[in-house]
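Colleague: need a structure here:
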Amino acid sequence: MIIALSRPHLLGSFAGLCLAGGIMGAAFIITRAATRLKESQFIDVVGAARRVVESDLVVWDAHFTVDDASLLSAYQKLQADTAKVKEFMKAKGELGYTLAPVQVREIVPPLQNWADDQVTGRRLGYQLRQPVQVRSENVAAAARLGLECAELLNQGVAFVTDGTQFIYAKPAEARTQMMREATRDARARAEQIAGESGRTVRELRTARAGVTQINAVDSSATSSEGNNDTTSPTKVIIVTVGARFALE
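Modeller: Residues are numbered from 1 along each chain as shown. This is a model prediction of the structure:
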């Protein structure tokens, strides 16, 4: 009975010793870090700057196609559809569209010959594909094209949107300003850390800019090469600077 009653007491004592040991270990680590900072002549920190920007360029890609048994008839149909597309674009204002060279493809469905396992085909006609691209600084108007092109479908044009890219075209200018902001943030961080040890931050000795991350506002993705989001009209730019300051 005496042994059974003494076990909780021993376990409690052991847990108390572990807790005390953990606190002492943490205090030792903090003290050691503070001692190293007191003895060091430099402090290394990373500063960051964050800025929300709006895209200032839209690239919208699309295409339309026609099929016909005759190449000449297919081309004539394509010309008629091109006239409709030009009228559509004209009605949308000055959006700066271009038409790429027409792509021609033979329509040849494969036929399997089970006797000799050869795949052959007979040409049934031609498909002509006309790519269209819009590059515009009118972000709002260009972004609506993906929805408004349904007007062309109602006119019998086989029009397909291939995608919209939202681009921030001035990252270099923003990066230069944000590097200064990130450096100031690095000094503020250094002063806060050094102040805890009674040290004073002096001059900046070295600074190294990190890669620029341009993401959608709801994304925190990072890349060693840097991100450059093209999916969202609104973006956030993050610039980091690794800085070394002298200590007094």
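Colleague: Three-state assignment for Thr176, please.
Modeller: helix (DSSP: H, G, I helix; E, B strand; the rest coil).
Colleague: And the protein, what are its domain boundaries?
Modeller: As recorded under automatic domain parsing, the domains making up the chain are 40-56+168-248, 58-167.
Colleague: Could I get those domains in TSV, plus columns for mean pLDDT and mean neighbour count?
Modeller: Where you see a C-beta, it was placed from the backbone N, CA and C, and this is true even at glycine. TSV is the format used below for those (pLDDT from 0 to 100; neighbours: other CB atoms under 10 Å):
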stretch	mean pLDDT	mean neighbour count
domain 40-56+168-248	93	16
domain 58-167	91	15
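Colleague: Spit out the contact partners of Val132.
Modeller: Val132 makes contact with 61-64, 85, 97-100, according to CB atoms under 8 Å, 6 or more residues apart in numbering.
Colleague: Read off the pLDDT value for Arg32.
Modeller: In this model, Arg32 is scored at 47, pLDDT.
Colleague: hey, where'd the strands end up in this protein?
Modeller: Counting by DSSP state E, the chain has strands at residues 42-54, 57-68, 97-99, 103-107, 110-113, 118-121, 125-136, 158-167, 201-209, 213-216, 234-247.
Colleague: now the ones you listed in CSV, with distance to Arg180?
Modeller: Listed next are those as CSV, based on distance: least, CB to CB, whole Å:
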stretch, distance to Arg180
strand 42-54, 8
strand 57-68, 25
strand 97-99, 39
strand 103-107, 49
strand 110-113, 62
strand 118-121, 64
strand 125-136, 32
strand 158-167, 24
strand 201-209, 10
strand 213-216, 18
strand 234-247, 9
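Colleague: Out of those, flag the one nearest Asn227.
Modeller: With CB to CB, the closest approach to Asn227 among those belongs to strand 213-216: 4.8 Å.
Colleague: Name the residues that touch that closest one?
Modeller: Counting by CB under 8 Å, 6+ apart, 168, 171, 221-223, 226-229, 231-232, 234-238 sit against strand 213-216.
Colleague: switch the cut-off to 10 Å
Modeller: With contacts defined as CB atoms under 10 Å, 6 or more residues apart in numbering, strand 213-216 is touched by 50, 53, 166-168, 171, 174-175, 219-223, 226-240.
Colleague: for stretch 86-101, same thing?
Modeller: The contact list for stretch 86-101 (CB under 10 Å, 6+ apart) reads 58, 60-63, 82, 85, 129-138, 141-142, 144-145, 148-149, 151-152, 155, 157, 159.
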